[in-house]
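> sharing a sequence plus its predicted fold:
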Amino acid sequence: MIDQRGWRNWWRKRRWYERNRGWGARRSIDREMARRGAYVRHPIEGEVLEALRDGRLEVGQGTLFEPGCWLTIAPEGRIRIGEGCFLNRETMIAAQEEVTIGDHVMLANGCFVGDASHRYDDPELPVTWQGFVPEGPVTIGSNCWIGVHAVVTGGVTIGERCVVGANSVVTHDLPSGVVAAGVPARVIREIEFRPGSAQPSGSQSQE
């Protein structure tokens, strides 16, 4: 005998988690991204299509999402991603309230940026049912490079032209123009800027 409740639950989860996998959904996402001059290398996870259409997700021209990126946005949340950004494979951005990323920001493989944390302090409920607690908006300034598997937590502002080392956890604000690393991330040094010393590379062209 088929467990009807089990099948209903299975279909409900499938519709939710696989909603971006179908040909029609991919085409719609591509259309919305093209209108903004951005590009997605599928698959992409999360409430991407709905959030683009209702304004909760803003994406700037030239931004590229590599496969496996996941954007999750609460009904009252908002994610703003600037121009020319590069989100590498398996990067996740989660907004309970607000996450803002400036222009020309690079997020390496497996980064996580989120403005909330899971609740766990109600002894009467399973942890998986307790929802989230907002920790304040997250802002990443323009021209930042966030290293592989780095985490940026709620309430944090990272200044412009910062580098965050691989596997770091950013729990406090970082000033502009620094290299930071560690758990929690701490400033290692200021960046010594040398105007005109670098040549543009065509390998990552997003035009």
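Perfect, thanks for sending it.
> and residue 3, how many neighbours does it have?
Around residue 3 sit 9 other residues, with neighbours defined as other C-beta atoms under 10 Å. Just so you know, the C-beta spots here come from the backbone N, C-alpha and C atoms, and that holds for glycine as well.
> so what's it up against?
Contact criterion C-beta atoms under 8 Å, 6 or more residues apart in numbering gives no residues in contact with residue 3.
> and it, what's its pLDDT?
pLDDT, residue 3: 73.
> please apply the same query to residue 207.
35.
> try residue 9
88.
> partners of the residue nearest to the spatial centre of the chain in the sheet?
Computing the C-alpha centroid of the chain and ranking residues by C-alpha atoms, centre = their mean puts residue 93 first, at 2.5 Å. Taking DSSP bridges as the rule, residue 93 bridges to residue 71, residue 113.
> surely it meets residue 105?
No: using C-beta atoms under 8 Å, residue 93 is not in contact with residue 105, being 11.2 Å away.
> shouldn't residue 188 be within a helix?
No: per DSSP: H, G, I helix; E, B strand; the rest coil, residue 188 lies outside any helix segment and is strand.
> and it, what does it touch?
Applying C-beta under 8 Å, 6+ apart to residue 188 gives the contacts 165, 178, 179, 180, 181.
> so which of those residues are in strands?
178, 179, 180, 181 (DSSP state E).
> now the first one. Nearest residue, chain neighbours left out?
Which is residue 178. Nearest residue to residue 178, sequence neighbours excluded (C-beta to C-beta, 6 or more residues apart in numbering): residue 187, at 4.8 Å.
> I figured the one you found hits residue 173, correct?
No: judged on C-beta under 8 Å, residue 187 makes no contact with residue 173 at a distance of 10.5 Å.
> on that earlier part again, hey, what's the residue nearest to residue 178 bridged with?
Residues in beta-bridge contact with residue 187 (DSSP bridges): residue 180.
> contacts only, for it.
Here residue 187 is in contact with 174, 175, 178, 179, 180 (C-beta under 8 Å, 6+ apart).
> before we move on, what's the pLDDT of it?
For residue 187, the predicted pLDDT is 98.
> ok, so what distance separates it from residue 180?
Distance of residue 187 to residue 180, given as C-beta to C-beta, to the nearest Å: 5 Å.
> okay, and the common contacts of the two?
residue 174.
> for the protein, what spans make up the helices?
With helices called from DSSP state H, the chain shows them at 4-17, 23-36, 48-54.
> dump those helices to TSV, plus distance to residue 72 and mean neighbour count.
Output for the helices of the chain, formatted as TSV (distance: least, C-beta to C-beta, whole Å; neighbours: other C-beta atoms under 10 Å):
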stretch	distance to residue 72	mean neighbour count
helix 4-17	11	10
helix 23-36	15	14
helix 48-54	9	18
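> select, out of the ones you listed, the one closest to residue 191.
helix 23-36 (30.4 Å; C-beta to C-beta).
> distance between the closest one and the chain's centre?
With C-alpha atoms, centre = their mean, to the nearest Å as the basis, helix 23-36 stands 19 Å off its chain's centre.
> okay then, goodbye and thanks.
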